[in-house]
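A.B. asks: Sharing a model that was predicted from the sequence below.
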Amino acid sequence: GIQVEQSPPDLILQEGANSTLRCNFSDSVNNLQWFHQNPWGQLINLFYIPSGTKQNGRLSATTVATERYSLLYISSSQTTDSGVYFCAVELAYSGAGSYQLTFGKGTKLSVIP
Amino acid sequence: DTAVSQTPKYLVTQMGNDKSIKCEQNLGHDTMYWYKQDSKKFLKIMFSYNNKELIINETVPNRFSPKSPDKAHLNLHINSLELGDSAVYFCASSQDSTGTEAFFGQGTRLTVV
């Protein structure tokens, strides 16, 4: 099946700092999503971004599908950004990993005041 | 107005019992899913239904039986609960079975004692 690797696994930031989270995937995808799992366990949709660049406030994301990676940028981090960030992908053709999201192991972000 | 809602949010039960988790989506989506998040926070697909038809059934014990009475509901019934079933179970939905953004419910934390 499709493999998803996220880095770094853990990240500690001072409030106000910027960061970049990376997601590498092993095959062609027709869906890539970034999620934030907050300390209460909710999975919040950040971006649906199988290709291209999107921005939403202090967050932005870029997916380079031909090179099989995606980046999530967090600028001017706040304590409320703490939690686990997941990248999830769907295989673009029929096979193990199609018709579903395959998740990476996540990046655990801690933003300290 | 919650888009994907699950009940209950918490479930504590004894080994050997049978329990159900309910899921409803009001987004008008055709596809619904169940995902399991283990103690290491790894998320993995269990089942996927498209227009009430099962399209994905991952390697899950047959004690787990999904039921879709209509395309807005996907319930998960678990027989003879075991300690290892303790996890967070997430319901999700997407417009189509492939290539569209998935939205997740708030999760059900199941604890088997």
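C.D. replies: Alright, I've got the coordinates.

A.B. asks: Now do the phi/psi pair for A:Thr79.
C.D. replies: A:Thr79 adopts backbone torsions of phi -60, psi -30, taken as degrees, to the nearest 10.

A.B. asks: The nearest residue to it once chain neighbours are set aside - how many residues pack around it?
C.D. replies: In this structure, A:Thr79 finds its nearest non-sequential neighbour in A:Val111, 5.0 Å apart by CB to CB, 6 or more residues apart in numbering or on different chains. C-beta: built from backbone N, CA, C; applies to glycine. Number of residues near A:Val111 (other CB atoms under 10 Å in any protein chain shown) recorded here: 20.

A.B. asks: what separates A:Val111 from chain B, distance-wise?
C.D. replies: Using CB to the nearest CB, to the nearest Å, one gets 18 Å for the distance from A:Val111 to chain B.

A.B. asks: Now do the same contact list for that residue.
C.D. replies: A:Val111 is in contact with A:12-15, A:17, A:77-82, counting by CB atoms under 8 Å, 6 or more residues apart in numbering or on different chains.

A.B. asks: ok, of those residues, which one's closest to chain B?
C.D. replies: Among the contacts of A:Val111, A:Ser82 lies closest to chain B (CB to the nearest CB), at 14.2 Å.

A.B. asks: Filter the contacts of A:Val111 down to just the ones in strands.
C.D. replies: Among the contacts of A:Val111, the residues falling in strands (DSSP state E) are A:12-14.

A.B. asks: any idea which of those has the most stuff around it?
C.D. replies: Neighbour-wise, the ones in strands among the contacts of A:Val111 (other CB under 10 Å) top out at A:Leu13, 18 neighbours.

A.B. asks: what's the neighbour count on residue 80?
C.D. replies: Looking at chain A here, since you left the chain open. Neighbours of A:Thr80 using other CB under 10 Å come to 10.

A.B. asks: That was the other one, I meant chain B.
C.D. replies: 11.

A.B. asks: Write out the residues of chain B neighbouring chain A.
C.D. replies: Contact residues, chain B versus chain A (CB under 8 Å from any CB of the partner chain): B:33, B:35, B:40-45, B:48, B:55-56, B:88, B:90, B:92, B:97-104, B:106-107, B:109.

A.B. asks: Report the beta-bridge partner residues of the closest residue to A:Leu46 other than its chain neighbours.
C.D. replies: Closest residue to A:Leu46 apart from its sequence neighbours, by CB to CB, 6+ apart: A:Trp34 at 4.2 Å. Legend: beta-bridge partners of A:Trp34 under DSSP bridges are A:Phe47, A:Cys87.
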